[in-house]
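Trainee: What shape does this take:
(chains A and B)
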There are 2 protein chains.
Amino acid sequence: MQQTSDIPSEAHRAPFTPKFDAAGLLTAIVTDADTGAILMLAHMDAEALAKTRETGLAHFHSRSRARLWMKGETSGNTLAVERILVDCDQDALVLECRAAGPACHTGAPSCFYRELAGDVLRPVNT
Amino acid sequence: MQQTSDIPSEAHRAPFTPKFDAAGLLTAIVTDADTGAILMLAHMDAEALAKTRETGLAHFHSRSRARLWMKGETSGNTLAVERILVDCDQDALVLECRAAGPACHTGAPSCFYRELAGDVLRPVNT
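Mentor: This next block holds a predicted model:
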């Protein structure tokens, strides 16, 4: 138990009861399963969550297109989900993934490739 | 340039023009500036973003309470923001922070202290 001593005891083996927001969505953070780097952020409705769990490949709900999409369905840059972490109030997930290619539609490995410097964005030098 | 060769050239020194969603919010992922661990996820409206940039301490917009809140305003567990990363479409941020205490209201260092195992949540053994 030493490794979990700072985790609330009531949380142990709680049921998974995702709390979708008013729009029916959870927020999902995608990370690289090996490095922990944050790759992208997207949203999941119940259908996307179910498809992700069923297939092992990350599916999301596009707010702009109002439909289910599998990451990589056109680019081939799929995300194989290794593990799903759930936050304290069950409205956000971390998907630890192995990415088949760049996660960002721009071709960058991560969508978070810029930092805020004053009022401009500059590439992250890492 | 070698370190940024995989970053789209048009993105260099782009203006910061945050894209708030229909509810006037950005999504903000808080990470530990030293370890990169994901600590929590919250939302920011324009006021919370301005307060964060002005004070250097993370402020958010509570959707449930419909008001501005400074992380740690009651617990003392503030988040000093070291750097802000911005995603490709400018609707999500990563706040790299130094946490004054546990980020989660449960007392756990991170809100993401459980993993999904079948239909239950179990503590992460890391």
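
Trainee: quick one: A:C104 and A:A42 touch, right?
Mentor: No - at 11.5 Å, A:C104 and A:A42 do not qualify as touching, with contact defined as CB atoms under 8 Å. (C-beta placed from N, C-alpha, C; glycine too.)

Trainee: Poorly predicted segments of chain A, please.
Mentor: When residues are selected by pLDDT under 70, those of chain A lie in A:1-12, A:126.

Trainee: so where do the helices sit in it?
Mentor: Counting by DSSP state H, chain A has helices at residues A:46-55.

Trainee: about what we covered before: and A:C104 and A:A42? Which one has more around it.
Mentor: Set side by side, A:C104 and A:A42 show more neighbours around A:A42, with 25 against 22, by other CB atoms under 10 Å in any protein chain shown.

Trainee: What is the burial count for the nearest residue to that one once chain neighbours are set aside?
Mentor: In space, not counting the residues next to it along the chain, A:A42 is nearest to A:F60; the distance is 4.1 Å by CB to CB, 6 or more residues apart in numbering or on different chains. A:F60 has 26 neighbours, counted by other CB under 10 Å.

Trainee: ok, now which ones touch A:F60?
Mentor: Neighbouring residues of A:F60 by CB atoms under 8 Å, 6 or more residues apart in numbering or on different chains: A:28, A:42-44, A:48, A:68-69, A:71.

Trainee: And A:V81, by the same measure?
Mentor: Listed by CB under 8 Å, 6+ apart, the contact set of A:V81 reads A:52, A:56-58, A:95-97.

Trainee: Which of these are buried, as a PyMOL select command?
Mentor: A single PyMOL command is used to select the members of those judged buried by 16 or more other CB atoms under 10 Å in any protein chain shown:
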select buried, chain A and resi 52+57+58+95+96+97
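
Trainee: among the contacts of A:V81, which are in strands?
Mentor: The strands in this structure, assigned by DSSP state E, contain A:95-97 from these.

Trainee: Go through those and say which is closest to chain B.
Mentor: Each of the ones in strands among the contacts of A:V81 was scored against chain B by CB to the nearest CB, and A:E96 proved nearest at 8.9 Å.

Trainee: Bridge partners for the closest one, pull those for me.
Mentor: In this structure, A:E96 has the following beta-bridge partners (DSSP bridges): A:T31, A:R83.

Trainee: these two touch, right, it and A:A33?
Mentor: Yes - assessed by CB under 8 Å, A:E96 is found in contact with A:A33 at 4.2 Å.

Trainee: Between the two, which contacts overlap?
Mentor: Taking CB under 8 Å, 6+ apart as the contact criterion, the residues that touch both A:E96 and A:A33 are A:82-83.

Trainee: my guess is A:L93 contacts A:L26, does it?
Mentor: Yes - the pair A:L93 and A:L26 passes the contact test of CB under 8 Å, sitting 5.9 Å apart.

Trainee: hey, what's in contact with both of those two?
Mentor: A:M44.
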